[in-house]
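Visitor: Need coordinates for the following:
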Amino acid sequence: MSLPQRPSIGHPDLLQHIIEGASDPIFVKDTEGRYLHMNSAEASAFESPLEELLGQTDKELYPDQHEEIQTIEGHVLETGETRVDETDFRPDSPDQKTYSTCRFPWRNRAGRIAGVIGIARDVTEGRRREKTLRVLMEGTASVTGDDFFRSLARHLTEALGARHTLLSEFVDEKSARVLAFWPAELHQEGSIYSLVGTPCEKVVRGEVRCYPELAQEQFPDVQLLKQLKAESYFGAPLKDSAGKTLGHICMFHEKSLHLDSESLSIISIFADRAGAELERRRSERARKDLETQLQHARKLESLGALTGGIAHDFNNILTGILGNADLARMSQKDPAVIQQCIDTITMASLRASELCQQLLTYAGKAKGLPKKRVQLSKLAQEMVQMFRVTVPKTIDLSVDLRKDLPVILIDDSQIGQLIMNLVLNAAESIRGPSGTVSVSTGTHYCTQTDLQRLQVNHGLKEGVCVYFRVADTGRGMDESTASRIFDPFFSTKFTGRGLGLATTLATVRDHSGGIEVQTQPEKGTVFTILFPIEQAPNPTLAEAPAPPGQLGSIGTVLVVDDERVVRDMAKSILEMREFRVLVAPDGPTAIEVFRQHQDKISIVLLDLMMPGMDGLEVFEKLRILDPNVQVLLSTGYRDQSLADQSQEKGFAGILEKPYRPVDLVNRLRLLLQEKAVEPKL
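Guide: Next comes the predicted model:
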């Protein structure tokens, strides 16, 4: 059996069928650019019949691109090279097309170039897809978090021709939280909406859902579709690296929305990117939650250690108080021993007061009172005399206080506590049977080099400063330990001991000062506290307290305090100084007592913190009964805001707890004198 004869490759019918059957436009031009032949794919771009197109040039057929085409084909005719170029046709029209055209020379039988043959391919969709990807990549590449989701919603909407785009994170199988919505003003980020009965419901299970038309008819109860007037819907899941669905992308359009395979591919790419970002955000949230839990656990652990340390200190103080009280009771016939016991009890009580003040500072309840102009050496001398007896006799306490120091502006109570803490810390750092703690004051000109050397500087500038220095011959510290000494819960003593040097740091910060620490293991430590000089005249010395016999000023005082021991103590002190005293355990009782004895009461000593009705509320009610009532607030808090309120609301003043008898009596006497209050009998 013989096979049919195959036509030769040069057979005109075969070539014609190949050219005509090709889906890509094919054309042949002469050297003048006139079309000699074009297949149906090329001719279909024009409305004229093929016979009318032949013989025309690109100037007639493509007036906007003919110069570009002429340049390209001129190069082919001149060089005989093959060229592939892309050309945009009708660039400003909705029907814009981009063609990639391969042009090569057509040679006659003599081998001479007689024209150009071209084969073109429509690459419009490919270029559009590349442009879309480029825009999406550029719009989302440099952003993360909320900005990423907003940018993705916007650029997907614009790139794929949708009307609205919604990105959401699933809260559970029935609800989702909005991550981004474009246009942004139509939906609030962070709002939660129900998925039940919506086209999004199946996306929760990881399915892609598409309703290219009649979406409202298929989901008549979905208000969002009605609000957006959406006729079409497309939804794709956002998944993490393990394939778990975390959220979805939804696209809406007022018309039918038909997404081709390339658009679906783009959505898939950026759904993966959005899923990865959502997974990253969740991991970040989980990490922060874990850090918060760890910080909370560490804080509880530190507070436990702190509580143990404070309890240790208070137990030591109570031991001294109880022991000296019993010793005084057993030594009734020896006045010298009794006086020594009383002095020790007083010292221990002051130490307890300092511990309470530090606890209030950490609790955020203590704020500094107005500062005074003080001579630092005088304050240091008073403090050293007060706590000298608490320093072991085996330790030599050396004192060198310069008498002519310039005045500094300080809270003398805070700085007194700072001095005591530093000296006692220095004494406790000495391990051996003996050692030396040196306390000194002076002035120093701080250069920029000096300031840079400070471990702490809260506002010191170049110039003369006043310093307080404590040096010890104790065990010193290594670099690692020294770097942690201002940590609120760090201690070089046993676990849970004390409050550390954080109080010192806070005090120096409050006084715009600086701290220098010099230390080496087994070679001791030197703390130098620097203060700026107050440019003001030396302070006027306060009036000395009146002799005991003159402290009283006959009148009636109403003492209001919920603590019985405080009421009884105040009553006894005032009655010893010839005051008449009325007492009340709470606010309502105080108001009633004042109402009954208003004409006799000269001043009210009022506790600030009481259960039920606090001191401020009692004060307001007393003012209703007597607008000129004199009230001295008593409180365990050191708070500047209270001092400010005393001036604004009309308090006579503030008396800090714990107070000593001389402080109470002298304060009442001065207030009565200043206000020219006539004692009421």
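
Visitor: Now stretch 513-522: average pLDDT?
Guide: Taken as a whole, stretch 513-522 has an average pLDDT of 91.

Visitor: So for that stretch, what gets flagged as buried?
Guide: For stretch 513-522, the neighbour count (16 or more other Cβ atoms under 10 Å) marks 513-519 as buried. Quick note: C-beta positions are derived from backbone N, CA and C, even for glycine.

Visitor: Compute the first-to-last residue distance for it.
Guide: With Cα to Cα, to the nearest Å as the measure, stretch 513-522 spans 28 Å from end to end.

Visitor: next one: that stretch to chain centre, how far?
Guide: A distance of 32 Å separates the centroid of the chain from that of stretch 513-522, by Cα atoms, centre = their mean, to the nearest Å.

Visitor: Next: stretch 393-409.
Guide: 43 Å.

Visitor: could I have it exported to PDB, CA atoms only?
Guide: Provided in PDB are the C-alpha atoms of stretch 393-409 (Å, rounded to 0.1, in the frame of the first residue of the first chain):
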ATOM      1  CA  LYS A 393      31.400  49.700 117.500                       C
ATOM      2  CA  THR A 394      34.000  47.600 115.600                       C
ATOM      3  CA  ILE A 395      33.600  50.000 112.700                       C
ATOM      4  CA  ASP A 396      35.300  53.400 112.700                       C
ATOM      5  CA  LEU A 397      32.900  56.100 111.500                       C
ATOM      6  CA  SER A 398      35.000  58.900 110.200                       C
ATOM      7  CA  VAL A 399      33.300  62.200 109.600                       C
ATOM      8  CA  ASP A 400      34.700  65.200 107.600                       C
ATOM      9  CA  LEU A 401      31.900  67.800 106.900                       C
ATOM     10  CA  ARG A 402      32.900  71.100 105.300                       C
ATOM     11  CA  LYS A 403      31.100  73.900 107.200                       C
ATOM     12  CA  ASP A 404      31.000  76.700 104.600                       C
ATOM     13  CA  LEU A 405      29.200  74.700 101.900                       C
ATOM     14  CA  PRO A 406      26.900  76.700  99.500                       C
ATOM     15  CA  VAL A 407      23.200  76.200  99.900                       C
ATOM     16  CA  ILE A 408      21.400  73.500  97.900                       C
ATOM     17  CA  LEU A 409      17.600  73.100  97.200                       C
END
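
Visitor: Give me the contacts around that stretch.
Guide: 371-377, 380-381, 384, 388, 391, 423, 427, 430, 433-443, 464, 466, 511, 531-534, 536-539 (Cβ atoms under 8 Å, 6 or more residues apart in numbering).

Visitor: What average pLDDT does that stretch get?
Guide: Mean predicted confidence for stretch 393-409 is 90.

Visitor: Buried residues in it, which are they?
Guide: Buried residues in stretch 393-409, counting neighbours by 16+ other Cβ under 10 Å, are found at 395, 397, 399, 401, 405-409.

Visitor: So which of these is the closest to residue 109?
Guide: The closest of those to residue 109 turns out to be residue 409 (Cβ to Cβ; 110.0 Å).

Visitor: Take the contacts of stretch 393-409 and keep only those in helices.
Guide: Residues of the contacts of stretch 393-409 located in helices (DSSP state H): 376-377, 380-381, 384, 423, 427.

Visitor: The stretch 1-150 of the chain: strands as residue ranges?
Guide: With DSSP state E, counting those that start in this stretch, the ranges of strands along the stretch 1-150 of the chain come out as 26-30, 35-38, 83-89, 97-107, 113-122.

Visitor: Nearest to residue 588, out of the buried residues of stretch 513-522: which one, please.
Guide: Residue 588 lies nearest to residue 513 out of the buried residues of stretch 513-522, by Cβ to Cβ, at 46.7 Å.

Visitor: so what pLDDT did the nearest residue to residue 149 once chain neighbours are set aside get?
Guide: Nearest residue to residue 149 in three dimensions, chain neighbours excluded: residue 180, at 3.9 Å (Cβ to Cβ, 6 or more residues apart in numbering). With respect to pLDDT, residue 180 scores 88.

Visitor: picking that back up, need the buried ones from the contacts of stretch 393-409 selected in PyMOL.
Guide: Here is the PyMOL command that selects the buried residues among the contacts of stretch 393-409 (16+ other Cβ under 10 Å):
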select buried, resi 371+372+373+374+375+376+377+380+381+384+391+423+427+430+435+436+437+438+439+440+441+442+443+466+511+531+532+534
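
Visitor: which secondary structure elements does the helix ranked longest in the chain contact?
Guide: In the chain, taking DSSP H as the definition, the longest helix is helix 261-330. Here helix 261-330 touches helix 124-140, helix 145-160, strand 232-239, strand 245-253, helix 335-362, going by 3 or more Cβ pairs under 8 Å, 6 or more residues apart in numbering; DSSP states H and E.

Visitor: Out of those, which gets nearest to residue 449?
Guide: helix 335-362 (32.9 Å).

Visitor: Quick one: mean pLDDT for that closest one?
Guide: 77.

Visitor: next SSE after the worst-scoring helix or strand of the chain on mean pLDDT?
Guide: Using mean pLDDT, DSSP states H and E, the weakest-scoring helix or strand in the chain turns out to be helix 640-649, at a mean of 62. Sequence order places strand 653-656 as the next helix or strand after helix 640-649, per DSSP states H and E.

Visitor: Next, the buried residues of that following strand.
Guide: For strand 653-656, by 16+ other Cβ under 10 Å, it's 653-656.

Visitor: In strands, which of the buried residues of stretch 513-522 appear?
Guide: Members of the buried residues of stretch 513-522 lying in strands (criterion: DSSP state E): 514-519.

Visitor: For these, give me JSON lines that also has distance to residue 148.
Guide: JSON lines is the format used below for those (distance: Cβ to Cβ, whole Å):
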{"residue": "514", "distance to residue 148": "46"}
{"residue": "515", "distance to residue 148": "46"}
{"residue": "516", "distance to residue 148": "48"}
{"residue": "517", "distance to residue 148": "47"}
{"residue": "518", "distance to residue 148": "52"}
{"residue": "519", "distance to residue 148": "50"}
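
Visitor: how about these, which pair is most distant?
Guide: Distance extremes for those: the farthest pair is 514 and 519 at 16.5 Å, using Cβ to Cβ.

Visitor: re earlier: pick out the most distant pair among the buried residues of stretch 513-522.
Guide: 513 and 519 (19.2 Å).
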